[in-house]
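A.B. asks: Prediction below, plus the sequence it came from.
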Amino acid sequence: MTEPKGLAILICSPGVDRPDLCVTPLVHALVARAMDCEVEVHFAGPAIRWLVEGVSDALYPTPAREKPIRAFIEEAAASGVRLLACSMARSAWVADGERLVPECAGA
């Protein structure tokens, strides 16, 4: 792999009621990784719910239901995108006993 060309920071804030808005930052993150950029996606506010285990498994960005948001999250992480959870959002939007997906790289 060549030396990273830059750092793309994407702040993802749509809630789980709008999967169509969540997929765009994940796709852009994948494109940036394909261009050898270091990429972090920061999930803030209600978007933190996308990182809660089980939430994104059955939510789709389009009516065609090609693949769930969870698949985009897995792809992004597998490509080297760092998925980060806002600590304040986590305390506000993640209930006791809920866990974040293993692809989450931290806060």
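C.D. replies: Structure's in. What do you need? Everything numeric here is computed off the predicted structure, so don't read it as measured data. Residues are numbered from 1 along each chain as shown.
A.B. asks: Longest helix in this structure, please.
C.D. replies: Longest helix in the chain, counting residues (DSSP state H): helix 19-34.
A.B. asks: Can you name the next helix or strand after that one?
C.D. replies: Helices and strands here follow DSSP states H and E; after helix 19-34, the next one along the chain is strand 38-43.
A.B. asks: by contact count, what packs against whichever helix or strand comes after that following strand?
C.D. replies: Counting by DSSP H and E, the next helix or strand C-terminal to strand 38-43 is helix 69-79. With contacts taken as 3 or more C-beta pairs under 8 Å, 6 or more residues apart in numbering; DSSP states H and E, helix 69-79 sits against helix 19-34, strand 82-85. All C-beta spots, glycine's among them, are computed from the backbone N, C-alpha and C.
A.B. asks: Output the contacting helices and strands for the last one.
C.D. replies: Of the remaining helices and strands, those touching strand 82-85 by 3+ C-beta pairs under 8 Å, 6+ apart are strand 38-43, helix 69-79, strand 104-106.
A.B. asks: Can you give the contact residues for the first one?
C.D. replies: The list of residues contacting strand 38-43 from outside it, by C-beta atoms under 8 Å, 6 or more residues apart in numbering, reads 4, 6-13, 25-26, 29, 32-33, 50-51, 76, 80-86, 89.
A.B. asks: Noted, bye for now.
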